[in-house]
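Novice: Below are the sequence and a predicted model for it; my questions follow.
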Amino acid sequence: MMRRFLIRAIGLAAVASLAPLAAPVGAPVGAAPPEPMVIRAWPFGRLVEGGMAADIRVVTRCRLDGYEILESLIYLNQDGRSTNFAGLPIACDGQRRATRVRVRVLEGEPPLRHGDASISAYAAAIDPETNDDLSVSPVFGVRLLRPFHCRGGT
């Protein structure tokens, strides 16, 4: 009986000594802290207006409490040409925002085509009290899909 008690006590002591090394519940081991400002784009966009524009789905989040967004924009690059800039909805309140952004071809340029392109985004934020600032400028690959066509009756 005493032997069983000692084995359990030693086992519990061993487990307790390893507890400080364990990650908090729900956090993966070695997980990095969340990024303070995030811009992500879906890997597919949709051509609209006869290829003179494209709709891109974007997710943004800023976790910098008290910071103000100075500038936030997105544009598309394809075949060495860029579209006009489109604004991005970002507020430094920790909320995730998913939106569709329409980027338009520059005047006089040929239409966008079905196929691969890249998205460039930029956002800058500043703390008005300390003047600390942060900017991000991610680039994503995107595949532009042909527009939807309605078939059949109404």
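Specialist: Yep, that arrived.
Novice: Hmm, Arg143 is touching Pro43, no?
Specialist: Yes - using Cβ atoms under 8 Å, Arg143 makes contact with Pro43 at a distance of 6.4 Å. C-beta here means a position set from N, CA and C on the backbone, and glycine is covered the same way.
Novice: Any idea what the residue nearest the centre of the chain is bridged to?
Specialist: In the chain, the centroid-proximal residue (Cα atoms, centre = their mean) is Arg40; its distance is 2.4 Å. Per DSSP bridges, the residues bridged to Arg40 are Val59.
Novice: Pull the contacting residues for it.
Specialist: 58-60, 138, 140 (Cβ atoms under 8 Å, 6 or more residues apart in numbering).
Novice: Ala98 now?
Specialist: 57-59.
Novice: what does the average pLDDT come to for the host helix or strand of it?
Specialist: With secondary structure defined by DSSP states H and E, Ala98 is part of strand 97-104. The pLDDT scores in strand 97-104 average 96.
Novice: rewinding a little: could you redo the contacts of Arg40 as JSON lines and give each row neighbour count, pLDDT and distance to Thr99?
Specialist: Below are these laid out as JSON lines (neighbours: other Cβ atoms under 10 Å; pLDDT from 0 to 100; distance: Cβ to Cβ, whole Å):
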{"residue": "Val58", "neighbour count": "21", "pLDDT": "97", "distance to Thr99": "6"}
{"residue": "Val59", "neighbour count": "13", "pLDDT": "96", "distance to Thr99": "8"}
{"residue": "Thr60", "neighbour count": "25", "pLDDT": "95", "distance to Thr99": "8"}
{"residue": "Pro138", "neighbour count": "14", "pLDDT": "97", "distance to Thr99": "16"}
{"residue": "Phe140", "neighbour count": "18", "pLDDT": "95", "distance to Thr99": "15"}
